[in-house]
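K.L.:
Provided below are the primary sequence and the corresponding predicted coordinates.
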Amino acid sequence: MTTHDEPNPYESALTQLHAAAEILHLDSGVLGGLRKPHREFTVNFPVEMDDGSVRTFTGYRVQHNDARGPYKGGIRYSAHVSLDEVRALAMWMTWKCAIVNLPYGGAKGGVIVDPAELSDCELENLSRRFISELEPIIGPDRDIPAPDMGTNSRVMAWMMDTYSMAHGHTVRAVVTGKPVQIGGSEGRFEATGRGVLFATEEIAKRRGDSLDELRVAVQGFGQVGSVAARLLHESGARVVTVSDAAGGYYNGNGLDIPALIARADERGMIQGDPPGADRISNAEVIEIDCDYLIPAAIENVILESNADRIEAGVIVEAANGPTTPAAEAILLDRGRTIVPDVLANAGGVSVSYMEWVQDLQSFFWEEDEVNQRLARIMRKAFAQVWDSAEARGLSLRDAANVLGVERVVSATELRGIFP
Ligand code: NAD
C-alpha cells in the first residue's frame, strides 16, 4: 500500500541497494544499471463482468534484471498495487534469486484489483486476459510468473492454460505454483512458509534460542503466514498471535493453529469467532509482547513510527518489504535482529525453481526430496549470509544484499555489455 504519507517501497529498495553498493565500492555505471528495471510493461485491458458491463483494469510486469537467467517473480492482485511497488518487488526478486543461488533474474507483476470483489468467473476472465497481455514477454525461458498476494494455484492453472492455448500445446513451465495435477510441484504450496521455518530455526540456533521456548507472532494468515504458523506450532513454538486483513487473534498461552487454519478461507481470512482467542488490531500485532515477530502480509508495517515499541527480539521477514530502512535503523540500534525478506522468504522461489526443472524434464519428485533440497538451499544461504555478516560487521540485510548484488554484478561482467 502506498499513500502520500507512506514510504515508497521502490525508494526503500533503492536505499538498500545503495547500502550494498557502498560496501562493495560499486562503480557508478554498474550501480546505474541495477537501480532501474530492464523493462516495464503496463497494460490496460477490459474484462466483461457478470452483469454484462465492462471494466478496464491496469496491470504491470516489471523485469528488473536477467543477468543470471530468465526473469522470475510472482503476480499480485491487490487494490494497492502500484508501479513503484512492482518495481521494488522485482528488484528484491533479483537479489533473492542470487542469494539462494538460483539461475534466475528478478521480475514481478501485479494487477490493481481487489480479488475479493470479483466472482470466480470474473477472476478467471481477468487472469486469462492479463496473462495473454503478457504473452509477448513471458515464457519458460524468458520470464516465469508465480503466485503472490491475492493469487494462488487456481489462478496459475488458468494462466498456464491460457498461455498453452496461444501456443497450441501444453507449456507447463510457463508459470510455477500450479496445482500438482497439472505440473505443480509437491511441497510448493508450503514452500515459502517452510523456508520461513528453516530461517527461524537457523537464527534461533545461532542465538541459542530453543523453538519450544519461543513466543511467536505472525501477521498475515494466507499462503505464507498460515503455513509458517502451522510449522512453527508443530515445532513446539507458542504462536501467541496471528492475524488477517481484518485484525489479529491473541492468546498468551498459544493459539490453536490447526483450528484457526480450519476457519481460514482461500484468501487467508479467518471466519467466525474462534474460541480461546482475544481480538486485537493489526497495529497491536506488530507491537505484541513476543520473542519472534513474523510479518507475513504486506509492505510497510514496521515503520519509524512504531519501531520504538516493537517488543520482539527477532523479526523474520516472511512478507516482502515489511520494514522500512528508517525503522530498521531504529531496530538495529535497539539490538534487534532482522532476518531480511530476500533470505527469509526465498523458500517459495526455491521450490518454484524445482517445479520449473521438473516441468522441463517431465520427471516429478516426491515431497521428501523437494523438502530436503529446500532445507539444503535455505540453510546454505543462511550460513553464507550469517558468516559474511559476522566477518564484515554487517546487518543480515546488508550481508544478504551484498551477496546477491555481487553475484549479479559478476554475471554481468562475465557476459559483457552487448554489442
Ligand atoms: P495471501 O494473499 O495468500 O495472504 C495474505 C494475508 O495477509 C491474508 O491473510 C490477508 O488477510 C492478510 N492481509 C492483507 N492485507 C493485510 C493488512 N493490511 N494487514 C494485515 N494483514 C493483511 O498472500 P501470501 O502469498 O501469503 O503473501 C504474503 C506476503 O508474502 C507478501 O508480501 C508476498 O509478497 C510474500 N511472499 C509470498 C510468496 C508466496 O509463495 N506466496 C513467496 C515469497 C514472498
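P.N.:
Perfect, thanks for sending it. Numbering: from 1, shown residues only.
K.L.:
So Gly110 lies in a strand, does it not?
P.N.:
Yes: Gly110 sits within a strand when classified using DSSP: H, G, I helix; E, B strand; the rest coil.
K.L.:
Does it touch Val86 like I think?
P.N.:
Yes: with contact defined as C-beta atoms under 8 Å, Gly110 counts as touching Val86 (4.8 Å). C-beta coordinates here come from the backbone N, C-alpha and C atoms, glycine included.
K.L.:
Now the common contact residues for the two.
P.N.:
Tyr60, Arg76 (C-beta atoms under 8 Å, 6 or more residues apart in numbering).
K.L.:
The residue of the chain found nearest the ligand and Gly32, how far apart?
P.N.:
Here the residue of the chain nearest the ligand is Gly222; by C-beta to the nearest ligand atom that distance is 1.8 Å. Distance of Gly222 to Gly32, given as C-beta to C-beta, to the nearest Å: 36 Å.
K.L.:
quick one: which of those two has more around it?
P.N.:
Between Gly222 and Gly32, counting by other C-beta atoms under 10 Å, Gly222 is the more crowded of the two (25 against 10).
K.L.:
Could you give the number of residues near the nearest residue in space to the more buried one that is not next to it in sequence?
P.N.:
The shortest distance from Gly222 to any non-neighbouring residue, by C-beta to C-beta, 6 or more residues apart in numbering, is to Gly268 (3.0 Å). Neighbourhood size, Gly268 [other C-beta under 10 Å]: 21.
K.L.:
just checking, Gly268 touches Gly220?
P.N.:
Yes: between Gly268 and Gly220 there is a contact at 6.8 Å, judged by C-beta under 8 Å.
K.L.:
And the pLDDT for Glu6?
P.N.:
pLDDT, Glu6: 79.
K.L.:
In contact with it, which residues are there?
P.N.:
Neighbours of Glu6 in contact, by C-beta under 8 Å, 6+ apart: Asn300.
K.L.:
how close does it get to Val301?
P.N.:
Distance from Glu6 to Val301, by C-beta to C-beta: 10 Å.
K.L.:
likewise Phe45?
P.N.:
31 Å.
K.L.:
out of these two, which sits in the more crowded spot?
P.N.:
Val301 (22 against 15).
K.L.:
State the phi and psi torsions of the more buried one.
P.N.:
When read as degrees, to the nearest 10, the backbone of Val301 gives phi -110, psi -20.
K.L.:
can you check Arg215 too?
P.N.:
phi -100, psi 120.
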